[in-house]
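1. turn this into a structure:
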Amino acid sequence: MLKGYFFIMGVIIVWGLSFPLSKIALYFMSPFVLTFLRFTIGGLILAIYGKGIIYGKREAINAILNMGIFVILLNLAINYSKNPALASVLIYMQPIFVAVFTRIKGEEILLPQLIGIIISFIGIFISVDSVNFSIGSLIAIIAAILWAIGTLYYAKLKDRNVVKLNAFMSLFSSLFVLPTIPFGFYFKPSAVGLALGVLVAIIAQALGFMFWFSSVKDLGATTASSIVILVPVSAYIFSFIILNQIPNIFQIMGSSLALIGVFISQYSRVHLSRK
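-> Residues are numbered from 1 along each chain as shown. From the prediction side, this is the model:
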């Protein structure tokens, strides 16, 4: 159990760190180039770590939803956001949109879940209004919605080996994003820029997922999912340390409310479903 908490802390650190590092890497390359590097390098590392891949039609569709389009939107959101940490908060609203979509499908939303959803959306409005709702914020919310759709589809693949599955999804996504590279293309030849792109690929796509799978194995998906919402907190800390981005009081209040709402919704769904 203790090892599981070590792994989930690793997830929080490396995924939080990836937001400001991606912001810097985007000074040297376009979001599409960074996305391609992330998938190619990360996918190869995961394939080696998992000793192979799992592929198929459903896996390919899931790769497009949960990785291909999603990470393109994530990098665009970071690129157009002054503070990448705010983008992380909006993206990690994904569980709230999952709850909304399950209600649309006809499943019941419990009262505590509804309260959590309302609190989260209040937090979103406070956070994004403090920065005049930039295009980066809008893209981040769209990314969260897409991630929620991909999560619901991912449930159909729950019996697969997750490491091999994500290795294939990463490599397939690199092929999917390859045609997008010419759009808004720029790449400044620089050892620093290339090193940052490779570093983002290693920590965000490879190391982060390795830590994630290990934490889920030791702690269970429910506990790990509840703790991982601290990634935006980590992103704020690293954005301050690396980029000297200081969130204003409304960003702090709004982000806190958004994450509290996510936790209430997640915890109540799991806790009450066990009764």
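2. how close does the closest residue to residue 261 other than its chain neighbours sit to residue 148?
-> Excluding the flanking residues, the one nearest residue 261 by Cβ to Cβ, 6 or more residues apart in numbering is residue 120, at 3.0 Å. Where you see a C-beta, it was placed from the backbone N, CA and C, and this is true even at glycine. Going from residue 120 to residue 148 by Cβ to Cβ, to the nearest Å gives 13 Å.
3. thinking again about what came up before, tell me how far the residue nearest to residue 261 lies from residue 141.
-> In terms of Cβ to Cβ, residue 120 sits 12 Å off from residue 141.
4. please say which of these two ends up with more neighbours.
-> Just comparing residue 120 and residue 141: by other Cβ atoms under 10 Å the higher neighbour count belongs to residue 120, 26 against 20.
5. which residues touch the residue nearest to residue 261?
-> Residues counted as contacts of residue 120 (Cβ atoms under 8 Å, 6 or more residues apart in numbering) are 93, 96, 257, 258, 259, 260, 261, 262, 265.
6. now it: which helix or strand?
-> Element membership of residue 120 [criterion: DSSP states H and E] is helix 111-129.
7. which element follows that helix toward the C-terminus?
-> For helix 111-129, the succeeding helix or strand toward the C-terminus, using DSSP H and E, is helix 135-154.
8. please give me every residue in contact with residue 242.
-> The contact partners of residue 242, taken as Cβ under 8 Å, 6+ apart, are 20, 21, 24.
9. nearest to residue 172, of the residues you listed?
-> Nearest to residue 172 among the contacts of residue 242: residue 21, at 24.3 Å, using Cβ to Cβ.
10. and residue 198, how far is that from residue 39?
-> 13 Å.
11. and these two? Which one has more around it.
-> Each of residue 198 and residue 39 has its neighbours counted (other Cβ under 10 Å); residue 39 has more, 26 against 15.
12. quick one: low-confidence parts of the stretch 151-275 of the chain?
-> Under the criterion pLDDT under 70, the flagged ranges of the stretch 151-275 of the chain are 155-159, 220-223, 225-226, 266-275.
13. mind listing the strands for it?
-> With DSSP state E, counting those that start in this stretch as the definition, the stretch 151-275 of the chain shows no strands.
14. and the helices in it, which stretches?
-> All helices of the stretch 151-275 of the chain, identified by DSSP state H, counting those that start in this stretch, fall at 162-177, 191-200, 208-219, 221-227, 231-243, 249-273.
15. got JSON lines for the contacts of residue 242, with pLDDT and secondary structure too?
-> Formatted as JSON lines, the contacts of residue 242 follow (pLDDT from 0 to 100; DSSP: H, G, I helix; E, B strand; the rest coil):
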{"residue": "20", "pLDDT": "93", "secondary structure": "helix"}
{"residue": "21", "pLDDT": "94", "secondary structure": "helix"}
{"residue": "24", "pLDDT": "94", "secondary structure": "helix"}
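16. kind regards, and thank you for your time.
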